[in-house]
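Student: I need the structure of the sequence given here:
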Amino acid sequence: MRNYPIFTALALPLALAGCATAERDASVDTAESQARSCFFLNQVSGFNDAPDIERGSDRIIVNVSVNDKYLFETFGSCPDLNWTQTIGFDQRGPGQICQGIDVDLIVPTSIGPQRCPVRMIRKLSKAEIDAMK
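Tutor: Numbering: from 1, shown residues only. I've put the predicted structure just below:
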């Protein structure tokens, strides 16, 4: 019977610490989801070549809606990415595309489809989209 008061005295601070951690984790998750923009593959409506292509990697702009455009950058060079008229997306797992690891680009070439791993995906700001017009 004497163990109950000691157990209760120890359980209460641990339970309160768990609640504080859960609240902090929820606020961190909310901040991360606001900073990271995601989209579903069925929302993609087209793509364009990205201006100012950096040497060593290829970049395209993927149109998700009229106002949402995402910059995709590949790991290294992706043959024919800058000249292709069609492109495929090989999504890894169900759900949203939020970062490069979520999808690979499939680009048709003269020797067959080329898989191009995506290094980075970033949503373009309204100012960046307006500057491209």
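Student: can we go C-alpha only for contacts and neighbour counts from here?
Tutor: Fine.
Student: so where does L105 fall, helix or strand?
Tutor: Here L105, judged by DSSP states H and E, is contained in strand 103-109.
Student: tell me which strands that strand pairs with, and in which orientation.
Tutor: Counting by DSSP bridges, the strands paired with strand 103-109 are strand 88-91 (antiparallel), strand 112-123 (antiparallel).
Student: would you reformat the ones you listed as TSV and include distance to V64 and mean neighbour count?
Tutor: Putting the strands paired with strand 103-109 into TSV (distance: least, C-alpha to C-alpha, whole Å; neighbours: other C-alpha atoms under 10 Å) gives the following:
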stretch	distance to V64	mean neighbour count
strand 88-91	13	15
strand 112-123	10	18
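Student: between the ones you listed, which gets nearest to P79?
Tutor: For those, the distance to P79 is smallest for strand 112-123, at 7.4 Å, taking C-alpha to C-alpha.
Student: following the closest one, which helix or strand comes up?
Tutor: Sequence order places helix 126-132 as the next helix or strand after strand 112-123, per DSSP H and E.
Student: for G88, which non-adjacent residue is closest in space?
Tutor: Leaving out its chain neighbours, the residue that sits closest to G88 by C-alpha to C-alpha, 6 or more residues apart in numbering is I106, at 4.6 Å.
Student: quick revisit: tell me the mean pLDDT over the strand holding L105?
Tutor: Averaged across strand 103-109, the pLDDT comes to 95.
Student: quick revisit: neighbours of the residue nearest to G88, just the number please.
Tutor: If you count neighbours by other C-alpha atoms under 10 Å, I106 ends up with 19.
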